[in-house]
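**Q** structure for this input, please:
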Amino acid sequence: MVRGVVFDWNGVLVLDEPLHFSAFARLCEDAGGSLSLEVYEAECGGRTDREGIRNLVARGFLQGDVDTLVLAKQRLYRATITNDDEIVSTGTVRLLEKLVELEVPYRIVTASPAEEVDVIRGTAGIESLLPDQIIKSGVSSGDRFLALSRVLAGLASPDEVLMVDDSENNILLGKRLNMLTLRIDKDPRSCETAADFCLPRVEMLDELVLLQGENA
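**A** Prediction:
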């Protein structure tokens, strides 16, 4: 039986990958270079801002102090999301409302800076739907999910929690923790062997998936 849901933030609840690419690309342009989508996906996709900046510096796309570059990238990103009305889809909002209606507790795992999370919450108008406890750790997925296990300890055991993520590594970690797993991926073939469920968009998660999870 599903007694709790854990959502990844970026790329799952928040459709902001193009905005991150735009911010990194602008940073490279300001430095006199350019950044292709292919290089971005290889060096920055699925990583923290600091990891992405370090990779770009190592490959010569950026120069300078890493801390300064990270702050500059985050400023560019926040300026973009302030005016983006589609960063959280109406379908995702309806999904969160449905979970509240079903009395299924949920948590959000993210390594994003608090300032970015707060801007999105305000822009999308979803403050009331977000749990008070947003699990944060800028270190590693393992640390985030260990924090998660502590937060949910009083709510559910791992096999009663559905983890929703777009990262193969995190899905595999969820499986090792005996969680039910749902991977968000436009290509279902990419997660057939790992996740329990696979959907192209998170808003497609509905009562049917939750009911299936009860019998898993």
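**Q** can we go C-alpha only for contacts and neighbour counts from here?
**A** Will do.
**Q** against Ile53, how distant is the nearest residue to Val57 once chain neighbours are set aside?
**A** Of all residues not flanking Val57 in the chain, Gln63 sits nearest, at 5.7 Å (C-alpha to C-alpha, 6 or more residues apart in numbering). Computed with C-alpha to C-alpha, to the nearest Å, the distance linking Gln63 and Ile53 is 9 Å.
**Q** and the top helix by length along the chain, how far out from the chain's middle?
**A** Looking across the chain with DSSP state H, the single longest helix is helix 66-81. Centroid separation for helix 66-81 versus its chain: 18 Å, with C-alpha atoms, centre = their mean, to the nearest Å.
**Q** and that helix, average pLDDT?
**A** The pLDDT scores in helix 66-81 average 91.
**Q** and the next helix or strand past that helix?
**A** helix 90-101 (DSSP states H and E).
**Q** pull the CA atoms of that following helix into CSV?
**A** Extracted C-alpha coordinates of helix 90-101, given in CSV (Å, rounded to 0.1, in the frame of the first residue of the first chain):
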residue,chain,number,x,y,z
THR,A,90,-1.6,22.9,-14.4
GLY,A,91,-1.6,19.1,-14.5
THR,A,92,1.1,18.9,-11.9
VAL,A,93,-0.9,21.3,-9.7
ARG,A,94,-4.0,19.0,-10.1
LEU,A,95,-1.9,16.0,-9.2
LEU,A,96,-0.7,17.6,-5.9
GLU,A,97,-4.3,18.6,-5.1
LYS,A,98,-5.4,15.0,-5.7
LEU,A,99,-2.8,13.7,-3.3
VAL,A,100,-4.1,16.0,-0.7
GLU,A,101,-7.6,14.8,-1.4
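**Q** mind checking which helix or strand Leu162 is in?
**A** strand 161-165.
**Q** counting by contacts, list what that strand packs against.
**A** Judged by 3 or more C-alpha pairs under 8 Å, 6 or more residues apart in numbering; DSSP states H and E, the packing partners of strand 161-165 are strand 4-8, helix 168-176, strand 180-184.
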